[in-house]
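> Take a look and give me a structure for this.
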Amino acid sequence: MKNSRRLSDLLWEIGKRFSIEDMSRYDLKYLDEDNEWVLLTCDEDVEECVDVCRTTPSHTIKLLLHASSHHFPERSSPTGYTLWQ
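Numbering: from 1, shown residues only. The predicted model follows:
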């Protein structure tokens, strides 16, 4: 991922790799240093996720993608994938 660490870039990449056209139907979470799942909702959350990764011995980010209990309005990207922001 690029240095900008944008949530939209991360969601686009996940959608591309797993053939998911509408990422707005999913929630993306990461496991923090307290072993709690934290919802990624903005670029600052992604920055925090990377910071947590740097402070853990394994330097690993664990992500969880699951169907959302709520559905945000769709926003199309220039690539044709639908992104959630």
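> mind checking the SS state of the residue lying farthest from the centre of the chain?
Here the chain reaches farthest from its C-alpha mean at residue 57, the gap being 21.8 Å by CA atoms, centre = their mean. Residue 57 carries the three-state label coil when classified by DSSP: H, G, I helix; E, B strand; the rest coil.
> Quick check: phi and psi at it.
Here is the backbone geometry of residue 57 (degrees, to the nearest 10): phi -60, psi -30.
> repeat for residue 46
Torsion angles, degrees, to the nearest 10, at residue 46: phi -70, psi -40.
> Find the residue closest to it in space, skipping its chain neighbours.
In space, not counting the residues next to it along the chain, residue 46 is nearest to residue 5; the distance is 4.7 Å by CB to CB, 6 or more residues apart in numbering. Glycine gets a C-beta too; all of them are placed from N, C-alpha and C.
> re earlier: residue 33 versus the residue farthest from the centre of the chain, what's the distance?
The spacing between residue 57 and residue 33, counted by CB to CB, to the nearest Å, is 11 Å.
> shared neighbours of these two, anything?
When contacts are counted by CB atoms under 8 Å, 6 or more residues apart in numbering, residue 57 and residue 33 are jointly contacted by no residue.
> okay, and for this protein, where does confidence drop off?
Low-confidence segments of the chain, defined by pLDDT under 70, span residues 1-4, 71-85.
> Would you map the helices across it?
Using DSSP state H, the helices found in the chain span residues 7-17, 43-55.
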